[in-house]
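J.: Could you look at this predicted model? Sequence included:
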Amino acid sequence: MTNLQFITHHNERYSYVEGALMALKGGCRWIQLRMKEASDDEIISAAAQIEPMCRKYHATFIINDHVELVRKVKAQGVHLGQKDMPVDKAREILGNGYIIGGTANTFEQVRTQYLRGADYIGCGPYRFTTTKKKLAPILGLDGYRQIVSQMKKAGITIPIVAIGGIGYDDIGPVLQTGVNGVALSGSVLNAEDPIGEMKKMISISTNKNLR
């Protein structure tokens, strides 16, 4: 599992597909297609362009929410929010050959997702972000430290990926809390040079001296 994930978004300059391509060109090897307001047809259309790009760059391709579309769009797995289908139900549908991620905001939610069989947890938000509506309480660095500590005490070793408003300057401090990775979205897409920004973020995420 890579320590940097890119969650697709769009803005006035770039589409979902263009954002995914720039993240891949910048070196990201985990793309999650997230199109909250889109129809199934729109998601399928975007996935039909992103999935071959992920194969070309040897990147993992995950879709958000839509368990029923995973096989259709040739995704390697699905990420499920708190209000989406439960992880264990998705596992019944997809089997063990697919990656299933779950969302959590508290240690209790982490434990629940772990017990339901999630492969990793998207944990957040780190701070306020405009890319997601109806945010859960902000965690900050102390929140991650506390969750990681509680997980160690409980013997839970599932990978934790921090998400929510994370930018370049946050990556080092966030990884120092003990989480396994970070998910990025707007901070890459809204940069003057998204490809260059992703390269910088990968550099700091893999260089322990820069943390």
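T.: Cool, got the structure.
J.: What backbone torsions are found at the residue in the chain sticking out farthest from the centre?
T.: Residue farthest from the centre of the chain, counting by CA atoms, centre = their mean, is Lys153 at 25.0 Å. Backbone torsions of Lys153, given as degrees, to the nearest 10, read phi -60, psi -30.
J.: any idea how far it is from Gly117?
T.: 21 Å (CB to CB, to the nearest Å). All C-beta spots, glycine's among them, are computed from the backbone N, C-alpha and C.
J.: Run a quick neighbour tally on Glu33.
T.: I think there's a mix-up here, since residue 33 is Leu and not Glu. Leu33 has 29 neighbouring residues, counting by other CB atoms under 10 Å.
J.: With Glu92 instead?
T.: The number of residues packed around Glu92, counting by other CB under 10 Å, is 12.
J.: What ranges in the protein fall below the confidence cut-off?
T.: Applying pLDDT under 70 to the chain picks out residues 130-135, 208-211.
J.: where do the strands sit along it?
T.: Along the chain, counting by DSSP state E, strands occupy 4-7, 30-33, 60-64, 77-80, 99-104, 120-123, 160-162, 181-184.
J.: Any chance of JSON lines for these, columns distance to Pro173?
T.: As requested, these are arranged in JSON lines below (distance: least, CB to CB, whole Å):
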{"stretch": "strand 4-7", "distance to Pro173": "15"}
{"stretch": "strand 30-33", "distance to Pro173": "21"}
{"stretch": "strand 60-64", "distance to Pro173": "25"}
{"stretch": "strand 77-80", "distance to Pro173": "24"}
{"stretch": "strand 99-104", "distance to Pro173": "20"}
{"stretch": "strand 120-123", "distance to Pro173": "15"}
{"stretch": "strand 160-162", "distance to Pro173": "10"}
{"stretch": "strand 181-184", "distance to Pro173": "10"}
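J.: Between those, which one is closest to Ser205.
T.: Evaluated with CB to CB, the strands of the chain place strand 4-7 nearest to Ser205, the distance being 5.3 Å.
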